[in-house]
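1. Next one to model:
(2 chains)
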There are 2 protein chains.
Amino acid sequence: MADKAYLCTPKKTVKLQVFSEISALRSFLAPLRSPSRPIGLVPTMGALHAGHLALIAQSKQHNPLTVASIFVNPTQFNNAADLEKYPRMPEADTAMLQAAGCDVLFCPSVAEMYPVPSALTMDFGNLNRILEGEFRPGHFSGVGLVVAKLFNIVQPARAYFGQKDFQQLMVIRQLVSELCIPVEVMAVPTLREPDGLAMSSRNLRLTPAERAKAPVFYETLQYAQAAIKTKKPWSEIRQEAAMKVAATGFRLEYLALATQPNFQLTENVTDSQPKVLLIAGYAGNVRLIDNLIIE
Amino acid sequence: MADKAYLCTPKKTVKLQVFSEISALRSFLAPLRSPSRPIGLVPTMGALHAGHLALIAQSKQHNPLTVASIFVNPTQFNNAADLEKYPRMPEADTAMLQAAGCDVLFCPSVAEMYPVPSALTMDFGNLNRILEGEFRPGHFSGVGLVVAKLFNIVQPARAYFGQKDFQQLMVIRQLVSELCIPVEVMAVPTLREPDGLAMSSRNLRLTPAERAKAPVFYETLQYAQAAIKTKKPWSEIRQEAAMKVAATGFRLEYLALATQPNFQLTENVTDSQPKVLLIAGYAGNVRLIDNLIIE
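-> Residues are numbered from 1 along each chain as shown, chains lettered A, B, ... in the order given. Below is the predicted model:
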C-alpha cells in the first residue's frame, strides 16, 4: 500500500486564480469551458464558513473546475445598515478557498457589477409576496439580478446554493426555469454549529450573549415539527413558538409552514403533502433565518 | 470569366433544419457552437417580410450559422384580440427562410416555451413607463422574458432586431447589459414599402383602404423632423401631427421625441443632443408604430 501511494502522483496544490474584472474572468474561462469540462459555480457574499466549504466540496466532486464568487450585492439589501455591517474578510476568504482547492475566485467591485445604477427589477410572483419577499422588499429582485449576472459571466453547468436560504433557492429555481438558463441548480443541506445554530456569515455579528441564545430559532423549528406530528393546531404552534423566542429576549418575525415543492403558505398540519417550516427573527440587531424540511 | 465561374463549387442549397422542442434544438446546436463558429439569432413572431429577411441576411454575413425563431409570444400581448389576430403563416415563413439560406428554424409551441404559466415579470424602469411601456402594460416584461429564454436556449453570439421596434431594442439592450448576457445586440434599419410605410407583419391586417392611407404615420414623422429643423415649438408640431393623422380617419396614440442614447422624453427642439422621433396610432383596429432617427 505504501509503495502504491508512493507511485501516485503527489496531489498538486493548484494556485487559486483571482479575478476582479468580468472581461478577464471570461477570457480565462473561455478556453477551459467545454461540454466535457463543466464548470461549477459557488456564488457567495464572502465571510466564508464551513457551509460555504461544503458547497465548494460538492462542486469539486461534480466538476473539474470550480469558480467561487464573493460579492456583497447591494441590490439585494433592503436595509442600508445591514449592507454596511455585512462582514467582509477578503484575506481570510481567499485563504479558505485556496485551502479548499477552489480553482477560481471572482471578487468584483460594485462598479464592475453595476457600472450604471440598475433600473431592471424582477418580480417572482408568489415568492415575492410572502415571508422573505414580504419582509425584505426588493431583496429577491436583487438576488435574481446578481445571480443572472453571475450565471451569464461564468456560464457554469452547475451552481451550488445552501438550503439555509430556502426561499432564495426557490427564487433561483424559478429564475432558471422561467428564463431557460442552462444551469443545474444544486441545493446543499444546511450545516449547523454543534448547538444547532445554522451556519451563517451574519452569526459573526452576534454578541457572545446573543450567540449563546441564538440556537432558539432552530429549537423552535424542532418544537414546531414535533407539535405538527401531534396534529396540534397551527395557531397554537405559532403562538407557543413566539413565546419561546420572546423568552430569550429575541423577536420572532415569522414562523411559517409552506407546501412543497410549490411553496404555498398553509396552516394545514394534518394532510400528507410535503412541507417546510421556515423561521425568521432578530437576535438583537441581527436578522437570522432558518428552516426545516418536515420528514 | 465563364470558365472561372464553372470552376467554382456550385452554391449548395442546405436544407433548413426545423425544431419545435428546446431539448432537440440544444442537442443539435451544442456540437456546432464554438468561439470560432458564432451563431446568429433572428427572433421573430413570423409572418415574415423583407424586413425579417434583411435580419437573416445580416446574420448570414456575420455568422457561419443562423437560427431564426418564430414564436407569437403570448406574454408580450397586453391585448387578447391582438394576440388572436396576429398573422400566422408557418408554411410561407418556412419557405422564405429556406430560400434566404437560413440554417435553423426554431418554432416552439406555447406549451414548450411556457410549460407552466409565467409568474416572473421584469420592469425596465423608465422604458416601462413611457410610450410603448405606458400604452402596452406588461408588453416589455413579456419581451424581456421571451428574449431571455431564446438567448439561453440558442446561446447566440449575436442577435438581430429591427429598428422599427425602437423602444423594444432599447429594452433588449438594457436586458443584455443588466444581466451581462454574452450576446451582441445588432440593430438593423427599418425597411419600408415604396410609399414609405414601415414593413410590419401587422400591415397584413389592414384593409385596402387602410393600407392606402397607412403611410400617414411615416409622413407625419418626416413632417415633424422638418418642423424640428425650423425650431417650431414641440407643442405646435404635436398638434399639427395629430391633425394630419386625424385627417385620414386614423387615431394618433402618441408622437414623441426622445433623447439618444438614454431615451428620455423631451420637448426641446433646439439643443444638439441626438434624438429619435416615435409615433404610434391606430389604422382602424390595427395598431402601427414607426420611428425616425433625427439626423
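
2. Quick check: nearest residue in space to residue A:192, chain neighbours excluded?
-> Of all residues not flanking residue A:192 in the chain, residue A:198 sits nearest, at 5.7 Å (C-beta to C-beta, 6 or more residues apart in numbering or on different chains). Heads up, the C-betas are built off the backbone N, CA and C, glycines and all.

3. Determine whether the claim that residue A:83 is in a strand is correct.
-> No - per DSSP: H, G, I helix; E, B strand; the rest coil, residue A:83 lies outside any strand segment and is helix.

4. ok, for it, nearest residue in space, not its chain neighbours?
-> In space, and not counting its chain neighbours, residue A:83 is closest to residue A:77: 3.8 Å by C-beta to C-beta, 6+ apart.

5. Next one: the one you found, what pLDDT does it get?
-> Residue A:77 is assigned a predicted lDDT (pLDDT) of 96.

6. separation between the residue nearest to residue A:192 and chain B?
-> 28 Å (C-beta to the nearest C-beta, to the nearest Å).

7. Residue A:98 too?
-> Separation of residue A:98 from chain B (C-beta to the nearest C-beta): 26 Å.

8. which residues does that residue contact?
-> Residue A:98 makes contact with A:15-16, according to C-beta atoms under 8 Å, 6 or more residues apart in numbering or on different chains.

9. Following the chain past the helix or strand harbouring it, name the next helix or strand.
-> Using DSSP states H and E, the element containing residue A:98 is helix A:90-100. Remark: after helix A:90-100, the chain's next helix or strand is strand A:104-106, criterion DSSP H and E.

10. contact partners of that following strand?
-> A:16-20, A:25, A:28-29, A:65-71, A:94, A:97, A:150, A:153-154.

11. Now with 10 Å, please.
-> Taking contacts as C-beta atoms under 10 Å, 6 or more residues apart in numbering or on different chains, the residues outside strand A:104-106 that touch it are A:16-22, A:24-25, A:28-29, A:32, A:39, A:41-44, A:46, A:65-71, A:90, A:93-94, A:97-98, A:112, A:150, A:153-154.

12. Turn the buried ones among those residues into a named ChimeraX selection, would you?
-> Command for ChimeraX, covering only those of the contacts of strand A:104-106 found buried under the criterion 16 or more other C-beta atoms under 10 Å in any protein chain shown:
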select /A:16,18,19,22,25,29,39,41,42,43,44,46,65,66,67,68,69,70,71,93,94,97,150,153,154
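
13. Return the subset of the contacts of strand A:104-106 lying in strands.
-> Among those, the residues falling in strands (DSSP state E) are A:17-19, A:39, A:41-44, A:65-70.

14. As CSV, the residues you listed with distance to chain B would be great.
-> Below are the ones in strands among the contacts of strand A:104-106 laid out as CSV (distance: C-beta to the nearest C-beta, whole Å):
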residue, distance to chain B
A:17, 20
A:18, 19
A:19, 14
A:39, 14
A:41, 13
A:42, 18
A:43, 13
A:44, 18
A:65, 17
A:66, 20
A:67, 14
A:68, 18
A:69, 12
A:70, 17
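
15. Put together a markdown table for the residues you listed, with pLDDT on each row.
-> Output for the ones in strands among the contacts of strand A:104-106, formatted as a markdown table (pLDDT from 0 to 100):
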| residue | pLDDT |
| --- | --- |
| A:17 | 98 |
| A:18 | 98 |
| A:19 | 98 |
| A:39 | 98 |
| A:41 | 98 |
| A:42 | 98 |
| A:43 | 98 |
| A:44 | 98 |
| A:65 | 98 |
| A:66 | 98 |
| A:67 | 98 |
| A:68 | 98 |
| A:69 | 98 |
| A:70 | 98 |
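
16. from the chain's centre, how far out does the helix holding residue A:98 sit?
-> Centre-to-centre, helix A:90-100 and its host chain are 18 Å apart (C-alpha atoms, centre = their mean, to the nearest Å).

17. is the longest helix along chain A anywhere near chain B?
-> Secondary structure of chain A per DSSP state H: the longest helix is helix A:139-154. Yes - using C-beta under 10 Å from any C-beta of the partner chain, helix A:139-154 comes into contact with chain B via A:141, A:144-154.

18. quick one: which of the residues you listed has the most company?
-> Within the residues of helix A:139-154 next to chain B, most neighbours by other C-beta atoms under 10 Å in any protein chain shown means residue A:144, with 29 neighbours.

19. quick one, the longest helix of chain A and strand A:65-70 angle?
-> Interaxial angle, helix A:139-154 versus strand A:65-70 (axes from the mean of the first three to the mean of the last three C-alpha atoms, to 10 degrees): 140 degrees.
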